[in-house]
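In: Prediction below, plus the sequence it came from.
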Amino acid sequence: MFDEPSSYLDVKQRLKAASAIRQLLNEDRYVIVVEHDLSVLDYLSDFICCLYGVPGVYGVVTLPSGVREAGCFK
């Protein structure tokens, strides 16, 4: 599990970090990443869940969907 792994990194370092995380994947292992940088998510993810709501009031988590199919970017 990674929380904002690209924070405070320049573009080149972000790609290296994303590549290193991607290499951890295999058929028996999943990686969970919390990230706000959409370009990193696009490179890193096969599926995403979007979270939204009002802090302290309610929150919604979408079902997993393909990165380019996710309805949370509309």
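Out: On my side now, so go ahead.
In: In the chain, where's the longest helix?
Out: For the chain, the helix with the greatest residue count under DSSP state H is helix 11-22.
In: Contacts for that one next, please.
Out: 2, 5, 6, 9, 31, 33, 37, 39, 40, 43, 44 (Cβ atoms under 8 Å, 6 or more residues apart in numbering). Every residue, glycine included, has its C-beta placed from N, CA and C.
In: Kindly recompute the last result at 6 Å.
Out: 5, 6, 31, 40, 43, 44 (Cβ atoms under 6 Å, 6 or more residues apart in numbering).
In: Can you report how many residues neighbour the residue nearest to the last one when sequence neighbours are not counted?
Out: Just to be clear, that refers to residue 44. Nearest non-adjacent residue to residue 44, counting by Cβ to Cβ, 6 or more residues apart in numbering: residue 18, 4.6 Å away. Using other Cβ atoms under 10 Å, residue 18 has 24 neighbouring residues.
In: Can you give me the pLDDT of residue 18?
Out: Residue 18 is assigned 91 on the pLDDT scale.
In: now residue 45
Out: pLDDT recorded at residue 45 is 86.
In: From residue 56, how far off is it?
Out: For residue 45, the distance to residue 56 (Cβ to Cβ, to the nearest Å) stands at 28 Å.
In: out of these two, which sits in the more crowded spot?
Out: Higher neighbour count among residue 45 and residue 56: residue 45, with 18 against 6, using other Cβ under 10 Å.
In: check contacts around the more buried one.
Out: Under the criterion of Cβ under 6 Å, 6+ apart, the neighbours of residue 45 are residue 67.
In: Kindly recompute the last result at 10 Å.
Out: Contact analysis of residue 45 by Cβ atoms under 10 Å, 6 or more residues apart in numbering lists 18, 22, 31, 33, 35, 64, 66, 67, 70.
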